[in-house]
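Chemist: got a structure for you, letters missing:
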């Protein structure tokens with residue numbers, strides 16, 4: 001196939017891969033011939049000068065020789081200076097262009113020798129033609145690496161010599177000129193053939209070089225791949241060995257497990273360890289491949305239920321992972337078992353691994369415990385009922401006895417002697433203590449039997465602490481104790497006022513009881529605990545051995561007060577019971593001689609107020625007032641939305657705009673019948689203030705009725721009745 005012609009400039013202007021390197025090889029081949037071609041050119045010029053020197057005019061001959069030598073010197077200088085610039089494609093292209101120009105000039109200079117020196121002797125012309133042909137042949141060999149470079153010397157040189165021969169006009173000169181042209185044409189064809197042969201060899205060498213590099217890379221890649229495959233094979237062998245060892249360990253663990261382990265696929269038993277077989281008394285041949293429900297008691301899960309659970313578990317639906325059931329042993333006996341199931345995959349199939357544990361003894365123990373618990377609860381209930389009945393029956397006669405003793409010990413018309421009056425007063429005091437103990441017993445009994453239940457309301461703590469302080473003021477004055485109530489006004493608590501009052505009274509009474517004469521007791525709210533009321537005294541503190549038992553009913557921890565006061569020992573345990581019923585707790589800090597601090601802590605509850613009404617003005621009016629008392633605001637446009645909000649999120653107060661003469665009663669009834677709605681206060685906003693309508697509103701379930709127009713101060717006062 002004939003090689004495609006390539007422009008020498010192509011490699012420098014973005015040639016395909018390999019062309020640039022081939023062009024570089026061509027340039028290198030030509031540059032290696034410069035050291036021989038240039039001296040050969042000078043030698044031939046000197047030879048021609050020597051031959052023509054005796055017979056030709058010397059001045060033109062010397063000028064010609066000087067020009068040729070100067071041109072050759074420039075070519076040699078260009079060869080030396082371009083040694084560094086040919087390292088780049090652009091440098092090689094620039095060298096090629098300049099070098100071609102010098103070759104053309106050299107050809108013209110050499111061929112002009114036949115024109116500038118008249119040659120009358122035919123032998124001189126033959127010699128001139130011989131030298132020119134020799135130089136052209138040498139240039140063809142030297143410059144064949146680059147296309148058209150041999151022609152750059154051949155055509156000017158041979159053309160000038162042929163022209164000189166033709167100008168002589170005789171037949172022999174014409175024949176020689178023609179031969180010169182034919183010889184030049186043959187050399188041109190040969191030069192082109194040599195160029196294509198050389199270029200093809202360079203291309204083959206470049207391709208071989210690329211092939212060698214490719215084969216080298218391929219060999220390296222194959223070696224890497226072989227090493228990687230070898231490593232993977234080794235890793236897989238290690239993994240398979242580890243898997244076999246793991247399977248052996250797993251099988252050994254499963255077989256040696258004390259609990260039953262089994263695998264089921266599509267409801268049929270695939271594998272069961274020895275513990276599972278011993279559990280039901282069958283051999284492996286008797287259970288493998290059988291449906292699991294065949295071994296379950298008839299009163300437990302059915303086949304359809306078991307298979308549905310399997311399908312749901314495979315589908316990722318929520319299915320109980322642990323459940324209890326009963327299995328039938330081979331001898332017909334029934335045992336209680338617990339299944340713990342998890343999904344497994346084997347050969348692309350989804351199955352279930354079950355851990356089966358015999359819980360027959362546990363179920364029997366649970367049954368016995370349940371019976372014992374029920375028996376104990378019945379006994380406790382009977383005890384509480386007996387204590388309640390006894391305390392109730394004792395309270396009335398004791399009250400009469402204490403009243404009579406008080407009369408006997410008083411200053412009447414016929415007073416008793418002083419010693420007898422002292423004894424009567426002592427008996428009256430003992431009677432009062434016994435009455436207090438009976439009241440505490442009744443409270444404990446009502447709390448344990450569920451007769452005493454909290455009625456939750458938002459209250460101001462100061463109303464409770466002030467009442468307790470006033471009840472104990474006389475005793476504090478008698479013992480010269482400073483009683484300080486530092487609880488801030490509008491300290492909001494969510495509690496049962498009566499039950500929490502009992503707690504605060506007991507704590508304050510204890511503080512006064514154990515405070516020395518001239519001491520001080522204070523009530524306060526800790527800065528970082530807004531729902532805690534603390535009672536602090538500067539008494540002797542609580543003995544360390546009593547701290548752990550202070551709130552226990554079964555341990556008597558009562559001790560005499562600083563003035564010899566005696567207690568029942570029920571106050572603090574009862575107070576702790578009351579606080580736990582309220583969702584809170586009593587804690588103690590006792591620092592010995594520096595006194596004690598009792599903290600009664602309730603949960604933090606932010607009031608939620610549900611405002612019901614289509615009138616947006618009510619919402620705009622109520623919102624800032626509720627925010628001013630730190631209450632959460634929830635709005636409902638109608639009854640359906642209000643009932644849904646009440647049942648889902650609850651509320652502490654409902655403010656509802658209702659027409660008491662129309663459908664308002666129906667709305668109030670729906671709110672009262674909603675889940676949790678009976679215990680929530682209802683504040684009704686009414687249009688009219690007719691007495692009959694207001695009375696009707698209260699009968700419908702309203703706790704407060706506010707008549708329009710709403711007055712801010714009045715509304716806030718009524719609001720604080722429910723949310724302090």
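Modeler: Cool, got the structure. None of these values were measured; they are calculated from a predicted model. Residues are numbered from 1 along each chain as shown.

Chemist: what's the longest helix in the chain?
Modeler: Determined from DSSP state H, the single longest helix within the chain is helix 171-256.

Chemist: so what does that one touch, helix or strand wise?
Modeler: helix 19-52, helix 122-143, helix 149-168 (3 or more C-beta pairs under 8 Å, 6 or more residues apart in numbering; DSSP states H and E). To be clear about C-beta, it is placed using only N, CA and C from the backbone, and glycine gets the same treatment.

Chemist: just after it, pick out the following helix or strand.
Modeler: Next in sequence after helix 171-256, counting helices and strands by DSSP states H and E, comes strand 260-265.

Chemist: now for that next one, which elements pack on it?
Modeler: strand 268-272, helix 274-280, strand 334-346, strand 349-358.

Chemist: strand partners (parallel or antiparallel) of it?
Modeler: Sheet pairing of strand 260-265 (DSSP bridges) gives strand 268-272 (antiparallel), strand 349-358 (antiparallel).

Chemist: what is the mean pLDDT for the longest helix of the chain?
Modeler: The average pLDDT within helix 171-256 is 81.

Chemist: re earlier: quick one: which of the strands paired with strand 260-265 is nearest residue 114?
Modeler: Comparison of the strands paired with strand 260-265 against residue 114 by C-beta to C-beta identifies strand 349-358 as nearest, at 102.1 Å.

Chemist: for that closest one, the averaged confidence score.
Modeler: 80.

Chemist: so which bits of that strand are buried?
Modeler: 351-358 (16 or more other C-beta atoms under 10 Å).

Chemist: same check, this time on stretch 124-137
Modeler: Counting neighbours by 16+ other C-beta under 10 Å, one finds that the buried residues in stretch 124-137 are 124-125, 127-129, 131-133, 135-137.

Chemist: quick one: low-confidence residue ranges for the stretch 401-550 of the chain.
Modeler: Within the stretch 401-550 of the chain, the segments meeting pLDDT under 70 span 401-452, 544-545, 547-549.

Chemist: what ranges do the strands span in it?
Modeler: 457-460, 482-485, 492-495, 520-524, 532-537 (DSSP state E, counting those that start in this stretch).

Chemist: so what pLDDT did residue 148 get?
Modeler: We have a pLDDT of 84 for residue 148.

Chemist: that one: neighbour count?
Modeler: By the measure other C-beta atoms under 10 Å, the count of residues near residue 148 is 16.

Chemist: same check on the one 4 residues further on?
Modeler: The burial metric for residue 152, expressed as a neighbour count using other C-beta under 10 Å, is 22.

Chemist: now do the contacts for it.
Modeler: Residues near residue 152 by C-beta atoms under 8 Å, 6 or more residues apart in numbering: 100, 103-104, 107, 143.

Chemist: one step back: adding distance to residue 94, write the buried residues of strand 349-358 out as a markdown table.
Modeler: Listed next are these as a markdown table, based on distance: C-beta to C-beta, whole Å:
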| residue | distance to residue 94 |
| --- | --- |
| 351 | 80 |
| 352 | 83 |
| 353 | 81 |
| 354 | 87 |
| 355 | 87 |
| 356 | 92 |
| 357 | 93 |
| 358 | 98 |
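
Chemist: out of those residues, which comes closest to residue 66?
Modeler: Using C-beta to C-beta, residue 351 is the member of the buried residues of strand 349-358 that lies nearest residue 66, at 106.5 Å.

Chemist: excluding chain neighbours, give the residue nearest to the closest one in space.
Modeler: residue 265 (4.0 Å; C-beta to C-beta, 6 or more residues apart in numbering).

Chemist: now do residue 289
Modeler: residue 268 (5.8 Å).
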